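1. sequence and computational prediction follow.
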Amino acid sequence: MIEKSNMEDRKPEKSIIGLLQKIAMISGMFAFVLCILIIVNYGQLKRTDPLNSPVLKTLVDRLKEHPEDQQLRAEVREIDLLARKAFFTSRWQIRTGGILLLIALLIVITCLKVIDILRPVIPGVPSSKNEDFRVIRKGSRKWIAYSGVLVVLIALLLAFLTHRELGRTFDDSLMVRESQSNPSVEVPSEKGEASTMKPAEPGKQDSLTGNRIPTADFMPVSMEGFPTQKEILNNWPAFRGPDGLGISYQKNIPTEWNGKSGKNILWKAEIPLSGYNSPIIWNDRIFLSGANESRREIYCIDANNGEILWNVPVEKIQGTPPKAPIVNKETGQSAPTLTTDGRRVYAIFANGDLIAVDFNGNPVWSKNLGVPQNHYGHASSLIMYHDLLLVQYDQRGSASIMALAGKTGEVVWKTARSVQVSWASPVLINTGKQREIVLAADPYVAAYNPVDGKEIWRLDCISGEVGPSLAYAGGVLYSVNEYSKLAAIQTGEAPKLIWEDSEYLSDVPSPVATDSCLFLATSYGTVVCYDSRTGKKNWIHEFGNTTYASPVLAEGKIYLMEKTGVMHIFRAGKTFSLDGEPALGEGSVCTPAFADGRIFIRGDRNLYCIGKK
């Protein structure tokens, strides 16, 4: 009776042990299959190049012989796009396979350990024959276990090597292919060295910001046919103006207006499609873009009267996804600000469509860069460096900075970046010895040579989902992000962190700086003035309303637009002094643009031109 009772008590344990044995066996078989697949995949990788098929190589060779054949060029791009999609799919499979293998092994080990705890220990009958059998069986199990562990370790090692080899193959293939399609590109050597150009002598220094305003600059091509530095400073060619730094060199800027009464409102014009990009201006023309889930358009507006001179629908671009990506409503389908070199206008949208249009509204070239992989929507604005269109494309799993030829759209260089998704925009700085394109993304701020894309320096000083762009003045660069920190970086041959602060941080507005002060606006309406060299807070002022637009420095004053449409105008000094708070009459989240003594503000519905009447 006692034995029967004990057997009945152990039935649940036997049932659990049986279930665990089945789970362990299934997981073990799954792990074994994954090991075989990973090993076979590595062998295939060593025998074939995933990005250079014979068909693609043949087409590229033909394109080199007939560079004017646009149909052939489009065919190469299409096959190349398919190859890249296959590459990223393969890389995802390898990474996922390695993770699944580790999970399966963990399940097997856990099940076996639980079984060992639940299974009762039955004392054996002493016998030399039985002892020999147990010794032989124990030895066999040991060798089977050792063999299994060895196979798993080999598979995990090959998964790591395959993932790394695919990344190296992709980078090498990308550089070689771009140089094949554009013979003017010089491919860096194995040591990462590339041709360099001598920097020009520094030009005039701005008295307020301390920034160098070059009268000449080192350039990838002749200056002929491209705007002079004086033309750039007289216009507003990118997000936050010349070099993307939020500094206006205009004079006679108004400080009083009223949207409802019409005071100093020279004109306003309704924009057909909404967008959170800011106006850019070249001479008497203003450019904006707008988009929704089904339409994307570029607008050219007469700066003298607000008339829409033309609008260009952005459509039928090869590679454009059939559906618009899902984006945050505060980002939208057309957040990045356009840029111009005075000859063409360049725009990018949330679905990866990139297009160049001449000043008469004729499309020059277009392409799709691939749907940006982020959870808010693409927001990094464009900027020009002479004849090069610079694009910050920091996306999930594929971050990079690239330069495209303004005339043709061909990729001149592309540099991969080991960063997280970023919504900040690139800025150009002049250190006095050279020009640098500088970007911010978790975990670092990095500078690149705009001629060839070679990284000049990097500094780990930022984290999180980076939205604000950088500020620069007097040789000091400033980065900031919410839940991270504010960092001041002394630029030069050996950039270094000179001070940092974490009390007031911004998640949307970008800061602006003078030679002596940094002005930081938070999205909840607080403005802080820091001493640029020490980080000491000169003053703090609470405006109290939501602010998404970035502050702009003009004529010694800071112009800061809050979401309600009220512009706060205060002195760019070490003591707070408010000059005015004119109201637009409608809400706005866009950074204002300055040109020809006027301010251009994109409201929720209308574009406004403000000037002294």
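-> Okay, I see it.

2. need the residues that contact the helix or strand hosting Phe600.
-> For Phe600, the host element (DSSP states H and E) is strand 598-602. Residues outside strand 598-602 that contact it (Cβ atoms under 8 Å, 6 or more residues apart in numbering): 236, 253-254, 266, 271, 275, 277-279, 281, 286, 288, 303, 559, 561, 567, 584, 588, 590, 592-594, 607-611. All C-beta spots, glycine's among them, are computed from the backbone N, C-alpha and C.

3. of these, buried ones?
-> Those of the contacts of strand 598-602 that meet the buried threshold are 236, 253-254, 266, 271, 275, 277-279, 281, 286, 288, 303, 559, 561, 567, 584, 588, 590, 592-594, 607-611, by 16 or more other Cβ atoms under 10 Å.

4. filter those down to just the ones in strands.
-> Judged by DSSP state E, strands contain the following of those: 266, 281, 286, 288, 559, 561, 567, 593-594, 607-610.

5. Met25: neighbour count?
-> Met25 has 12 neighbours, counted by other Cβ atoms under 10 Å.

6. the one 3 residues further on too?
-> By other Cβ under 10 Å, 17 other residues sit near Gly28.

7. helix, strand or coil: sort out it for me.
-> helix (DSSP: H, G, I helix; E, B strand; the rest coil).

8. leaving out chain neighbours, which residue sits closest to it?
-> Counting by Cβ to Cβ, 6 or more residues apart in numbering, Val108 is the residue found nearest to Gly28 once chain neighbours are left out, at 5.1 Å.

9. one step back: so which of the ones in strands among the buried ones among the contacts of strand 598-602 comes closest to Thr96?
-> Leu288 (42.1 Å; Cβ to Cβ).

10. ok, now which ones touch the closest residue to that closest one other than its chain neighbours?
-> Nearest residue to Leu288, sequence neighbours excluded (Cβ to Cβ, 6+ apart): Tyr299, at 4.8 Å. Residues near Tyr299 by Cβ under 8 Å, 6+ apart: Ile271, Pro272, Phe287, Leu288, Ser289, Gly290, Ile308, Trp310, Asn311.

11. can you read off the pLDDT for the closest residue to Ser425 other than its chain neighbours?
-> Of all residues not flanking Ser425 in the chain, Ser381 sits nearest, at 4.0 Å (Cβ to Cβ, 6+ apart). Note for Ser381: predicted pLDDT of 98.

12. switch the ones in strands among the buried ones among the contacts of strand 598-602 over to TSV; also include distance to Leu404.
-> As requested, these are exported to TSV (distance: Cβ to Cβ, whole Å):
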residue	distance to Leu404
Leu266	36
Ile281	22
Ile286	23
Leu288	21
Tyr559	32
Met561	31
Met567	35
Ala593	24
Phe594	27
Leu607	28
Tyr608	32
Cys609	31
Ile610	34
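
13. now pLDDT and distance to Pro468 too, for the residues you listed, in a markdown table please.
-> As requested, those are exported to a markdown table (pLDDT from 0 to 100; distance: Cβ to Cβ, whole Å):
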| residue | pLDDT | distance to Pro468 |
| --- | --- | --- |
| Leu266 | 97 | 31 |
| Ile281 | 98 | 23 |
| Ile286 | 98 | 25 |
| Leu288 | 98 | 22 |
| Tyr559 | 98 | 17 |
| Met561 | 97 | 15 |
| Met567 | 98 | 20 |
| Ala593 | 98 | 18 |
| Phe594 | 97 | 20 |
| Leu607 | 98 | 24 |
| Tyr608 | 98 | 25 |
| Cys609 | 98 | 27 |
| Ile610 | 98 | 25 |
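
14. nearest to Tyr524, of those?
-> Closest to Tyr524, out of all of those and judged by Cβ to Cβ, is Met561, at 14.9 Å.

15. was I right about the closest one contacting Thr546?
-> No - assessed by Cβ atoms under 8 Å, Met561 is found out of contact with Thr546, at 11.0 Å.

16. about what we covered before: and the strand holding Phe600, average pLDDT?
-> When pLDDT is averaged over strand 598-602, the result is 98.

17. what do you get for stretch 526-540?
-> Taken as a whole, stretch 526-540 has a mean pLDDT of 97.

18. tell me how far it lies from the chain's centre.
-> Averaging C-alpha positions (Cα atoms, centre = their mean, to the nearest Å) puts stretch 526-540 29 Å from its chain's average.

19. measure that stretch end to end?
-> Terminal residues of stretch 526-540 lie 7 Å apart, using Cα to Cα, to the nearest Å.

20. one step back: in JSON lines, list the contacts of Tyr299 along with distance to Cys529.
-> Formatted as JSON lines, the contacts of Tyr299 follow (distance: Cβ to Cβ, whole Å):
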{"residue": "Ile271", "distance to Cys529": "34"}
{"residue": "Pro272", "distance to Cys529": "40"}
{"residue": "Phe287", "distance to Cys529": "33"}
{"residue": "Leu288", "distance to Cys529": "32"}
{"residue": "Ser289", "distance to Cys529": "34"}
{"residue": "Gly290", "distance to Cys529": "35"}
{"residue": "Ile308", "distance to Cys529": "40"}
{"residue": "Trp310", "distance to Cys529": "43"}
{"residue": "Asn311", "distance to Cys529": "41"}
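
21. and which of those is nearest to Met25?
-> Taking the contacts of Tyr299 together and measuring to Met25 by Cβ to Cβ, the closest member is Ser289, at 58.9 Å.

22. list the contacts of that closest one.
-> Here Ser289 is in contact with Leu273, Gly275, Asn277, Arg296, Glu297, Ile298, Tyr299, Ser334, Leu338, Ala347, Phe349 (Cβ under 8 Å, 6+ apart).

23. swap in Ile489?
-> With Cβ under 8 Å, 6+ apart, Ile489 has these contacts: Val445, Leu459, Cys461, Val476, Leu477, Tyr478, Ser479, Pro495, Lys496, Leu497, Ile498.

24. quick one on the thing from earlier: list the strands paired with the strand holding Phe600, with their directions.
-> Here strand 598-602 has these sheet partners by DSSP bridges: strand 593-595 (antiparallel), strand 606-610 (antiparallel).

25. centre of the chain to the first one, how far?
-> For strand 593-595, the distance between its averaged C-alpha position and the chain's averaged C-alpha position is 26 Å (Cα atoms, centre = their mean).

26. could you report the distance from the closest residue to Thr331 other than its chain neighbours to Ala324?
-> Computed as Cβ to Cβ, 6+ apart, the closest residue to Thr331 that is not its neighbour in sequence is Gly377, at 3.6 Å. For Gly377, the distance to Ala324 (Cβ to Cβ, to the nearest Å) stands at 10 Å.

27. check Val371 too.
-> 9 Å.

28. any common contacting residues for the two?
-> Asn351.

29. count the residues that sit near the closest residue to Thr431 other than its chain neighbours.
-> The spatially closest residue to Thr431, leaving aside those adjacent along the chain, is Thr491, at 5.2 Å (Cβ to Cβ, 6+ apart). Residues near Thr491, counting by other Cβ under 10 Å, number 22.

30. where does the chain have low pLDDT?
-> Residue ranges of the chain with pLDDT under 70: 1-14, 42-57, 59-61, 63-95, 120-152, 155-156, 158-225.

31. could you chop it up by domain?
-> Domains of the chain are assigned by automatic domain parsing as 2-120+134-181, 204-610.

32. of those, flag the one that's most buried.
-> Ranked by mean neighbour count, these are led by domain 204-610 with a mean of 20 (mean count of other Cβ atoms under 10 Å).

33. tell me who's in contact with Ile348.
-> Counted by Cβ under 8 Å, 6+ apart, Ile348 has contacts Pro336, Leu354, Ile355, Leu369, His378, Leu382, Val391.

34. now render those residues as CSV, adding secondary structure and distance to Lys537.
-> Converted to CSV, the contacts of Ile348 look like this (DSSP: H, G, I helix; E, B strand; the rest coil; distance: Cβ to Cβ, whole Å):
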residue, secondary structure, distance to Lys537
Pro336, coil, 33
Leu354, strand, 41
Ile355, strand, 44
Leu369, coil, 41
His378, coil, 34
Leu382, coil, 34
Val391, strand, 36
